[in-house]
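Enquirer: Quick one, structure for this:
(chains A and B)
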Amino acid sequence: MALMANALAVERASLRYGKFQALKDVTFSASQGQLITLLGPSGCGKTTLLKAIAGFMPLDSGRIDIFGRDMQGVPPEKRDTAMCFQSYALFPHLSVADNIGFGLRQRRLSAAEIATRVSSVAEQVGLSLQLQKLPGQLSGGQQQRVALARAMAVRPGVMLFDEPLSNLDAKLRDHVRMEIRALQREHGFTAVYVTHDQSEALAMSDLVIVMRAGVIEQMGRPEEIYRHPVNRFVADFIGTANIMPVRILSRDQARGEYHVTCPLGQAVIRSATPPVGDHLYACWRPEDTVVATDSGNDNRFTFKVSARTFLGSLCDLSVSPTEDASVCYRIQTHGSTPVSEGQTVDVVIPPDTIRFLDEAIA
Amino acid sequence: MTINNALKAYLLLIPGLLPIVAFMSLVVGMAVSQSIGFFNFAGDDHFSLLFWQQMLTQDQFWRVFFYSARIAVVSAVLSVMLAYPVALWLRRPFPGSDLISAMIKAPILVHGLVAAFLFVNFISFQGFLNVALVHLGLIARPIRMQNDPYGIGVVVLQVWKNMPFAFLIIVGSVRAIGDDILDAARDLGAGRLARLRRVILPLTLRSLQASLILIFIGTAGDYSFQAVAGPININSMSQFMLRIQMDNAAHGWNEAAVVAVMLMVLSLFGSLAVAGLMQFAVRRAGR
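Expert: Take a look at the predicted model:
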């Protein structure tokens, strides 16, 4: 039976390289026009999954549907996908125009149609003046655009990006990232984007899939993933998180308020979702903290500053509770906050910014 | 690169380039000079186009010339045609691929003359091949294959000896094509044949041309294979050159020099023509 008619549907996809389990029961779907990011550390299976979608790696079990059609046994050249490779994989012997038109020639379009479409796509990615050049004569950013244009020219149903910005410098990366997102929205193609850069994933995606060891750890909108990580891995991988074990002392489920004990002392956590168990992990983000200016706040703790890093508008502090120097947390304050190393500082962690993780302590 | 750096680069090239250029100029200069009457070992030195006239008006010379050209073209093309698919097959390593690769290169270790004698023994009237064919009942009595009039034996030997060289040159360029490039072509809809025509062949064209040129030049100037396994009724250019030098005491060196110059002309233009035709064919296939 075909899966739901999503643009892309992956169901219980599993794949092994010998004894190494590269993918295990991966299931997700993408609707038309969505940009999904596969995010995770190196070796987590994200590129393998992308290659399985493209058809370069057959699954051991599970299935992949593209626009409702089972891709089992369908070779890459027959799939409605186009891939932007990490290495760009441009044809070095062909000009930019021929590179962009390569897929169109395979589809046996007329010469006039190819010329029109090549020039239109080249204009969109700002390559109109480079059409007669060979890839070797272009900069890294321009080559990346050729790879993007080449994939876009065939108007695929699903576009696959394999860390396409990893070879670009930071400034260019931001620029091309915005371009890709703008083009994706303009053309409305479905995209699966592989990256290990969490800021890239948060900035671009409609849906983020966090992977580890071939398994999906969490899937959700960027804000959801950032604000409500389900476990220590996701909390730590996405942004910076202070993770601590907590034991629940009392529950007021009507108000969603929980009194806990943690390495900082006693704290209050406000959560709409009741935690599972009494002994579990919780996390809070460095930027959620507030340097206390008056007395009487909940969750007010005194820390000793062990390191201070000035980041312009922000100041990143490494702090430890005054009673226990072995535990270290990170907090962020305004760049102009007058705090120096060795000083103690009173910090408030608002109760509704501390999240319980779905990960009980045995 | 600054002018100083360019100058340094050229200066560094001199120790390598100078002997090559010097020896080449010496040999070519000697051959051309002798062909027009200078360095005359049996008479006065004076400019003369007589030796050229004598050679170029001989039917036998042109039969020899075109025979050598034909053997060179066929051997070069066949060697490359056989080496190319094997190189493609061995592009990605697999269990046993190193062994196969080593076996393909084995003929390099066998001297050409040894191979020629072994081959002649193998195909001789009472050799292994005839005996086997008779035993198998495929032929009633031995057939004469040795020194065949078409030079097929020479071609077989040339291909056997030169295919490993072609393989060595081609396999490097085939392996240099990244998997991503081929995956990209596939992803854009190119099937097996389209990938070969539009990606692999153009990216390996230089190695194909290099193989063709090297094999063509080597084969055009062959002496040993021709002497052992070649036709009796026709010579190769090298054989012919030696023969007229020995047969003609008066102007043997001068006439042989004409043949030598023509051999160089054949090597240069023949190999360029073969390489050019290959480029034309690859570009046409890629359209």
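
Enquirer: Please name every helix or strand in contact with whichever strand or helix holds residue B:208.
Expert: Element membership for residue B:208, per DSSP states H and E: helix B:205-220. With contacts taken as 3 or more C-beta pairs under 8 Å, 6 or more residues apart in numbering or on different chains; DSSP states H and E, helix B:205-220 sits against helix B:59-89, helix B:152-175, helix B:271-286. For glycine as for every other residue, the C-beta is placed from the backbone atoms N, C-alpha and C.

Enquirer: for the first one, which positions count as buried?
Expert: Within helix B:59-89, the residues that qualify as buried are B:61, B:64-65, B:67-69, B:71-80, B:82-84, B:86-88, counting by 16 or more other C-beta atoms under 10 Å in any protein chain shown.

Enquirer: Mind putting the helices and strands packed on helix B:205-220 into TSV with distance to chain A?
Expert: As requested, those are exported to TSV (distance: least, C-beta to the nearest C-beta, whole Å):
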stretch	distance to chain A
helix B:59-89	17
helix B:152-175	12
helix B:271-286	9
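
Enquirer: Might you list the low-confidence residue ranges for chain A?
Expert: Scanning chain A for pLDDT under 70 picks out the ranges A:1-5, A:295-296, A:360, A:362.

Enquirer: Ok, chain B next?
Expert: Scanning chain B with the threshold set as pLDDT under 70 gives B:1.

Enquirer: Show me it divided up by domain.
Expert: When chain B is parsed with automatic domain parsing, its domains come out as B:1-35, B:48-107+B:150-286.

Enquirer: and of those, who's closest to residue A:129?
Expert: Nearest of those to residue A:129, taken as C-beta to C-beta: domain B:48-107+B:150-286 at 23.6 Å.

Enquirer: ok, residue A:94 to chain B distance?
Expert: Distance of residue A:94 to chain B, given as C-beta to the nearest C-beta, to the nearest Å: 8 Å.

Enquirer: just residue A:137 next, same as before
Expert: According to C-beta to the nearest C-beta, residue A:137 stands 17 Å off from chain B.

Enquirer: Give me the neighbour count for that residue.
Expert: The tally of other residues near residue A:137 (other C-beta atoms under 10 Å in any protein chain shown) stands at 12.

Enquirer: if we can go back for a sec, can you pull the buried residues of the helix holding residue B:208?
Expert: In helix B:205-220, counting by 16+ other C-beta under 10 Å, buried: B:205, B:207-220.

Enquirer: Quick one: name whatever helix or strand follows it.
Expert: Going down the chain from helix B:205-220, the next helix or strand is helix B:224-229, by DSSP H and E.

Enquirer: next one: that next one to chain centre, how far?
Expert: Here the centre of helix B:224-229 is set off from its chain's centre by 15 Å, with C-alpha atoms, centre = their mean, to the nearest Å.

Enquirer: just stretch A:338-350 next, same as before
Expert: Distance, stretch centre to chain centre, for stretch A:338-350: 32 Å (C-alpha atoms, centre = their mean).

Enquirer: was I right about residue A:52 contacting residue A:59?
Expert: Yes: counting by C-beta atoms under 8 Å, residue A:59 is a contact partner of residue A:52 at 5.6 Å.

Enquirer: what do those two both touch?
Expert: By the contact definition C-beta atoms under 8 Å, 6 or more residues apart in numbering or on different chains, residue A:52 and residue A:59 are jointly contacted by A:13, A:15, A:23.

Enquirer: of these, buried ones?
Expert: With burial judged by 16+ other C-beta under 10 Å, the buried subset of the shared contacts of residue A:52 and residue A:59 is A:13, A:15, A:23.

Enquirer: Tell me how far the closest residue to the first one other than its chain neighbours lies from residue A:11.
Expert: Just to be clear, that refers to residue A:13. In space, and not counting its chain neighbours, residue A:13 is closest to residue A:62: 3.7 Å by C-beta to C-beta, 6 or more residues apart in numbering or on different chains. Distance check for residue A:62 against residue A:11: by C-beta to C-beta, to the nearest Å, it reads 6 Å.

Enquirer: who touches both of these two?
Expert: Common neighbours of residue A:62 and residue A:11 (C-beta under 8 Å, 6+ apart) are residue A:27.

Enquirer: Which stretches in the stretch 1-150 of chain A count as strands?
Expert: Along the stretch 1-150 of chain A, the segments classed as strands by DSSP state E, counting those that start in this stretch run A:8-17, A:20-30, A:35-39, A:61-66, A:69-70, A:81-84.

Enquirer: which one of these lies closest to residue A:304?
Expert: Residue A:304 lies closest to strand A:35-39 among the strands of the stretch 1-150 of chain A, at 34.5 Å (C-beta to C-beta).

Enquirer: neighbours of the residue lying closest to residue B:108 once chain neighbours are set aside, just the number please.
Expert: Closest residue to residue B:108 apart from its sequence neighbours, by C-beta to C-beta, 6+ apart: residue B:164 at 5.0 Å. Look at residue B:164: counted by other C-beta under 10 Å, it has 20 neighbours.

Enquirer: Tell me who's in contact with residue B:164.
Expert: So residue B:164 contacts B:83, B:104, B:105, B:106, B:107, B:108 (C-beta under 8 Å, 6+ apart).

Enquirer: same thing with residue A:148?
Expert: Residue A:148 sits next to A:84, A:125, A:164, A:176, A:179, A:180, A:183 when contact means C-beta under 8 Å, 6+ apart.

Enquirer: Are any of the residues you listed buried, and if so which?
Expert: For the contacts of residue A:148, buried by 16+ other C-beta under 10 Å: A:84, A:125, A:164, A:176, A:179, A:180, A:183.

Enquirer: Out of those residues, the closest to residue B:260 would be?
Expert: For the buried ones among the contacts of residue A:148, the nearest to residue B:260 is residue A:84 (57.7 Å; C-beta to C-beta).

Enquirer: That closest one and residue A:9, how far apart?
Expert: Relative to residue A:9, and taking C-beta to C-beta, residue A:84 is found at 21 Å.

Enquirer: circling back: and the residue nearest to residue A:13, how far from chain B?
Expert: Residue A:62 is 21 Å from chain B, where distance means C-beta to the nearest C-beta.

Enquirer: separation between that residue and residue A:108?
Expert: Going from residue A:62 to residue A:108 by C-beta to C-beta gives 33 Å.

Enquirer: ok, residue A:207 touching residue A:36?
Expert: Yes: at 4.7 Å, residue A:207 counts as touching residue A:36 under the criterion of C-beta under 8 Å.

Enquirer: okay, those two: which has more neighbours?
Expert: residue A:36 (25 against 21).
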